[in-house]
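*Asks:* next come a sequence and a model predicted from it.
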Amino acid sequence: MKLTLLGTGNVTGCPVYGCDCLACQRASLDPSKARLLCSAVLEVNGQRILIDANHPQLQTRFPAGSIDAMLLTHFHMDHVQALFELRWGIAEPIPVYHPDDPLGCDDLFKHPGLLDFQPARQALHSFSLAGINITPLALNHSKPTLGYLFASENGRIAYLTDTLGVPDQSWQQLLRHPPKYVVIDCSNSPLHRSGNHNNLSDVLELAHALPDSTWVLTHIGHDLDEYLMQHPNCLPSNVLVGHDELCLSL
């Protein structure tokens with residue numbers, strides 16, 4: 001089982017248009033430090049599962065027939081925007097698993113095209129896909145949002161974005177079934193607080209409570225990147241800064 005982080009940025013990505021902070025200057029000069037919007041792809045048992053759909057070269061990166069299914073965390077535009085073009089493609093239907101949000105995003109439900117929207121997933125109601133067990137985990141966000149706990153015979157990976165903290169029922173599931181890797185929303189530096197996203201202090205508290213897991217930061221804003229540049233030794237050994245194209249394998 002391999003999870004590749006296609007993008008690790010928050011809604012603005014990095015560099016941010018018009019910004020001259022240290023992180024944005026670095027990303028402008030060094031493309032390896034740039035961040036696309038947050039999404040990922042899981043490859044397991046010969047199948048490919050896309051997690052959110054916002055990659056700017058999605059159709060080039062994943063030609064017709066190469067996506068076996070999609071998991072959506074939520075229906076905010078920055079996580080589903082590539083679906084609006086993809087849906088009118090000429091290809092076999094793609095099963096799309098998603099949280100229970102009747103509003104969806106714009107007219108995706110009304111005009112799905114090749115997107116085969118499955119019945120809404122419910123938190124803690126596990127299902128099988130590509131030969132592995134997937135448990136949806138409720139998250140704290142401004143729209144109905146699910147994280148996902150992937151369990152194969154080789155171990156577990158959790159993918160948790162977008163969220164502020166982790167709801168108790170979801171946290172208890174992680175404690176009962178500790179993942180090898182937890183990919184976690186960490187949008188802001190400790191100097192900034194958001195009502196819908198973790199900052200670094202929030203994540204460090206979670207990582208301290210589940211120390212045997214490796215915590216991988218994603219959905220990263222440029223202010224956090226700048227903070228990490230200025231405080232290079234602030235992370236414990238079980239917390240890693242994610243970057244675009246990072247692969248986590250079990």
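*Replies:* Alright, I've got the coordinates.

*Asks:* what number of residues lie near K180?
*Replies:* Each residue near K180 was counted by other CB atoms under 10 Å, and the total is 16. C-beta coordinates here come from the backbone N, C-alpha and C atoms, glycine included.

*Asks:* just list the residues touching A120, thanks.
*Replies:* H98, P99, D100, D101 (CB atoms under 8 Å, 6 or more residues apart in numbering).

*Asks:* what about the helices in the protein?
*Replies:* 22-29, 58-61, 77-80, 83-86, 168-176, 200-209, 222-230 (DSSP state H).

*Asks:* can you put those in CSV and add distance to R193 and mean neighbour count?
*Replies:* CSV is the format used below for the helices of the chain (distance: least, CB to CB, whole Å; neighbours: other CB atoms under 10 Å):
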stretch, distance to R193, mean neighbour count
helix 22-29, 19, 17
helix 58-61, 32, 13
helix 77-80, 20, 20
helix 83-86, 31, 19
helix 168-176, 20, 15
helix 200-209, 9, 18
helix 222-230, 11, 19
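
*Asks:* okay, the ones you listed in TSV with mean pLDDT and distance to L191 next?
*Replies:* Converted to TSV, the helices of the chain look like this (pLDDT from 0 to 100; distance: least, CB to CB, whole Å):
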stretch	mean pLDDT	distance to L191
helix 22-29	98	14
helix 58-61	95	34
helix 77-80	98	23
helix 83-86	97	34
helix 168-176	98	25
helix 200-209	98	9
helix 222-230	98	7
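
*Asks:* mind putting these into TSV with distance to G9?
*Replies:* Output for those, formatted as TSV (distance: least, CB to CB, whole Å):
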stretch	distance to G9
helix 22-29	9
helix 58-61	15
helix 77-80	9
helix 83-86	19
helix 168-176	24
helix 200-209	15
helix 222-230	8
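
*Asks:* out of the ones you listed, nearest to L146?
*Replies:* Closest to L146 of the helices of the chain is helix 168-176 (CB to CB; 9.2 Å).

*Asks:* residues in contact with I220?
*Replies:* T8, G9, N10, C14, R35, C186, S187, V241, G242.

*Asks:* wait, isn't A64 in contact with A91?
*Replies:* Yes - shown here, A64 and A91 form a contact pair, counting by CB atoms under 8 Å, at 3.8 Å.

*Asks:* so which of the contacts of I220 is the closest to D225?
*Replies:* Nearest to D225 among the contacts of I220, with distances taken as CB to CB, is C14, at 6.2 Å.
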